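S.K.: Build me a structure from this.
(chains A and B)
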Amino acid sequence: MSEFEQLYREVILDHYKTPRNHGLLDPSDAVAVGQNPLCGDEVTVSVRFADGDVIESVGFEGRGCAISQAATSMLTDLVKGRTAQEVALMPRDELLDEIGIPLTPVRLKCALLGLGVLKVALHKSKGTPLPEEWGTSSGDISVG
Amino acid sequence: MAVDTPSALDTTALRADFAFLDERVGGKPLAYLDSASSTQKPRQVLDRMRAFYEHEYANVHRGVYQLAERATEGYEDARRKVAALVNAPSEREVIFTRSATESLNLVAYAWGLQNLGPGDAVVITELEHHANFVPWQFIASRTGASFRHIPIDDAGELQLDALDGLARENSIKVVATGLVSNSLGTINPVERLTAWAHEQGAIMVVDAAQAAPHRTIDVQAIGCDFLAFSSHKLCGPSGIGALWGRRELLEAMAPFNLGGEMIRSVALDRTTFNELPYKFEAGTPAIAEAVGFGTAIDYISEIGLPAIEQHEHELTVYAMGRLGELAWLRLFGPPVERRAGIVSFEVAGVHPHDVAQILDWEGIAVRAGHHCTQPLMTRLGVAATTRASFYLYSITEEIDRLVDGLHKVKKSLG
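M.R.: Sure, this is the predicted structure:
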């Protein structure tokens, strides 16, 4: 068994079958939902703050591949007790290091979905910055 | 229970031509079931390209020295082979492009921009690969033409009874359809669709990317006006494809890429264009790739397209039989009698990415995703499927391994 397979089975499947912080918070201070239309992964993240913008708790729900759901589960544990600003600026490598397994570009998108959604939720509620995206300003095609 | 691999092809001999089959994934032999995405290359193609680079390479169409003549002959010989593969009336109607995608873009831009306007309609199908969908949607939006589709039924076959309604309500100028669906394996009745297109005064554009490698194609029998396919899907190198187009149409079309080679004369105030096919081949082409393309065509033609088609049919019958036994697996697409060597499926409760991941650990390569057919996925009510596809080097043992792997998937995650 390769190291990747081993870690996948131990870490990913654990979080996938027993996700941490599962279930949306009620009440919550911020909610956001995001999808990866390429494969249908979907994640909803809810946040509650204490003391201004310290993240007190995070709850998520979703459906999709094991990596997208497991990564979001790991993320929720990672961010508790941190400020919104800090998490908004959290580099993706930090989450990827936490996941600990090498990912191909396709699975990378799965792994980072939850982080992106969380950053949107923080932006909506606390005005924190969103990560820079390339190529979103050129418009799209609409036909009748 | 393993079945002897069907005898339409001597797969043992053929597989010896493919060094990639010696690759191991995690210590396990590779079962490559993703030929619909791209195909592996036999040593004959690789050897020919190497020999070309080592002994015949120079830029084409311009040099006076011998080497340049040899290079040009190699390139133009490849063009003749492409023409012969699809029974084109003349090799001068064959344009080398970068890919089937580029071929379809060429038609959409160079024919569409000039000939479409408000009141006109472009008709595609729900099955289309993005390469034969997005360019038409874009050109329709640019020209003010409307964008319509032929729907499919739940088995993934075109609803031909929708044709009358489409004809009545639209002034159709383009009908663009695939010959074989890359997601479902559906084989479309392109002769019938061509006749219908011509009745409306429309041109017929066929995306043969998934068909040309696997079955005999005859553009004269189909009657279509344009046909696109690529090299990398028929054991040739990537980076080169072909467009066949009817001479009168190509002559009337403005060029798509401009620059060197596609001109006759250039001056400050006026430029004239070269004759066919060079009008559409600007710049230095992918010369060695064209030679590789031609060699790949020789390779599959020698095996015989009907034999390849029969071999894949037998594999597909076997695959659908074995996969059909799995109660927790859902197959998409038409019955085996009406489909090519492509099988899309869904494992209950397991995401396609995870299916593909676990199969990868077993040394099995399948594709998981929307297969560049998002409108089709939406119609099927899924975001993605897992897809296995076969080619001349595929064997039943690989299908047995796929089924064993799927049992492991279900056990791990289902």
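S.K.: Look through chain B and state the residue closest to chain A.
M.R.: B:A383 (2.3 Å; CB to the nearest CB). Every residue, glycine included, has its C-beta placed from N, CA and C.
S.K.: I'd assumed B:H371 was in contact with that residue.
M.R.: No. Assessed by CB atoms under 8 Å, B:A383 is found out of contact with B:H371, at 11.5 Å.
S.K.: which residues are in contact with both of the two?
M.R.: B:M377 (CB atoms under 8 Å, 6 or more residues apart in numbering or on different chains).
S.K.: re earlier: burial of the residue of chain B closest to chain A, as a residue count?
M.R.: B:A383 has 22 neighbouring residues, counting by other CB atoms under 10 Å in any protein chain shown.
S.K.: Identify the residues contacting it.
M.R.: By CB under 8 Å, 6+ apart, the residues touching B:A383 are A:P37, A:L38, A:C39, A:G40, B:H370, B:M377.
S.K.: tell me which element it falls in.
M.R.: Using DSSP states H and E, B:A383 is not contained in any helix or strand.
S.K.: Repeat that for the one 5 residues further on.
M.R.: B:A388 is located in strand B:385-389, with elements delineated by DSSP H and E.
S.K.: How about B:W111: what's its closest non-neighbour residue?
M.R.: Excluding the flanking residues, the one nearest B:W111 by CB to CB, 6 or more residues apart in numbering or on different chains is B:M253, at 5.4 Å.
S.K.: Surely the one you found touches B:L113?
M.R.: No. Look at B:M253 against B:L113 with CB under 8 Å: they stay out of range, at 9.5 Å.
S.K.: who's more crowded, these two?
M.R.: Of the pair B:M253 and B:L113, B:M253 is the one with more neighbours under other CB under 10 Å, namely 21 against 15.
S.K.: What residues does chain A have near chain B?
M.R.: Chain A comes close to chain B at residues A:1-2, A:5, A:8-9, A:13, A:16, A:37-41, A:64-67, A:106-107, A:110, A:141-144, as judged by CB under 8 Å from any CB of the partner chain.
S.K.: Filter these down to just the ones in strands.
M.R.: By the criterion of DSSP state E, membership of these in strands covers A:D41.
S.K.: I'd like to know which of the residues of chain A next to chain B are buried.
M.R.: A:8, A:13, A:16, A:39-41, A:64-67, A:106-107, A:110, A:143 (16 or more other CB atoms under 10 Å in any protein chain shown).
S.K.: Tell me the residues of chain B that contact chain A?
M.R.: With CB under 8 Å from any CB as the criterion, chain B meets chain A at residues B:26, B:134, B:137-138, B:140-141, B:146-147, B:351-354, B:357, B:361, B:368-370, B:374, B:382-384, B:412-413.
S.K.: now B:V403, nearest residue through space, not along the chain?
M.R.: Per CB to CB, 6+ apart, closest to B:V403 is B:R322, 5.0 Å.
S.K.: pretty sure that neighbour is in a helix, no?
M.R.: Yes. Applying DSSP: H, G, I helix; E, B strand; the rest coil, one finds B:R322 inside a helix.
S.K.: what sits against it?
M.R.: B:I399, B:D400, B:V403.
S.K.: Can you lay out the residues you listed as JSON lines showing pLDDT, secondary structure and neighbour count?
M.R.: Converted to JSON lines, these look like this (pLDDT from 0 to 100; DSSP: H, G, I helix; E, B strand; the rest coil; neighbours: other CB atoms under 10 Å in any protein chain shown):
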{"residue": "B:I399", "pLDDT": "98", "secondary structure": "helix", "neighbour count": "27"}
{"residue": "B:D400", "pLDDT": "98", "secondary structure": "helix", "neighbour count": "17"}
{"residue": "B:V403", "pLDDT": "98", "secondary structure": "helix", "neighbour count": "14"}
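S.K.: Please produce a markdown table containing those residues, extended by distance to B:R338.
M.R.: Shown next, in a markdown table, are the contacts of B:R322 (distance: CB to CB, whole Å):
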| residue | distance to B:R338 |
| --- | --- |
| B:I399 | 20 |
| B:D400 | 25 |
| B:V403 | 23 |
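S.K.: mind checking the SS state of B:N59?
M.R.: Per three-state DSSP, B:N59 ends up coil.
S.K.: And the pLDDT at it?
M.R.: B:N59 carries a pLDDT value of 95.
S.K.: What does it show for phi and psi?
M.R.: phi -70, psi 160 (degrees, to the nearest 10).
S.K.: do B:P89 as well
M.R.: Main-chain torsions, B:P89, degrees, to the nearest 10: phi -60, psi -30.
S.K.: you'd agree it is up against B:G223?
M.R.: No. Using CB under 8 Å, B:P89 is not in contact with B:G223; the gap is 12.0 Å.
S.K.: which of those two has more neighbours?
M.R.: Shown here are B:P89 and B:G223; by other CB under 10 Å, B:G223 has more neighbours (18 against 12).
S.K.: Once you drop chain neighbours, what's closest to that one?
M.R.: What sits nearest to B:G223 in space, not counting adjacent residues and going by CB to CB, 6+ apart, is B:T194, at 4.4 Å.
S.K.: In helices, which of the residues of chain B next to chain A appear?
M.R.: Those of these mapping onto helices are B:134, B:137-138, B:140-141, B:352-354, B:357, B:361, B:374, B:412-413, per DSSP state H.
S.K.: Check the residues you listed for burial and list the buried ones.
M.R.: B:134, B:137-138, B:140-141, B:352-354, B:357, B:361, B:374, B:412-413.
S.K.: Rebuild the residues you listed as JSON lines, extending it with pLDDT and distance to B:D10.
M.R.: Shown next, in JSON lines, are those (pLDDT from 0 to 100; distance: CB to CB, whole Å):
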{"residue": "B:V134", "pLDDT": "98", "distance to B:D10": "41"}
{"residue": "B:Q137", "pLDDT": "98", "distance to B:D10": "44"}
{"residue": "B:F138", "pLDDT": "97", "distance to B:D10": "46"}
{"residue": "B:A140", "pLDDT": "98", "distance to B:D10": "48"}
{"residue": "B:S141", "pLDDT": "97", "distance to B:D10": "50"}
{"residue": "B:P352", "pLDDT": "95", "distance to B:D10": "34"}
{"residue": "B:H353", "pLDDT": "93", "distance to B:D10": "36"}
{"residue": "B:D354", "pLDDT": "93", "distance to B:D10": "37"}
{"residue": "B:Q357", "pLDDT": "92", "distance to B:D10": "34"}
{"residue": "B:W361", "pLDDT": "91", "distance to B:D10": "31"}
{"residue": "B:Q374", "pLDDT": "94", "distance to B:D10": "39"}
{"residue": "B:S412", "pLDDT": "88", "distance to B:D10": "37"}
{"residue": "B:L413", "pLDDT": "86", "distance to B:D10": "39"}
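S.K.: any idea which of those is closest to B:L315?
M.R.: B:P352 (21.3 Å; CB to CB).
S.K.: No further queries at this time; thank you.
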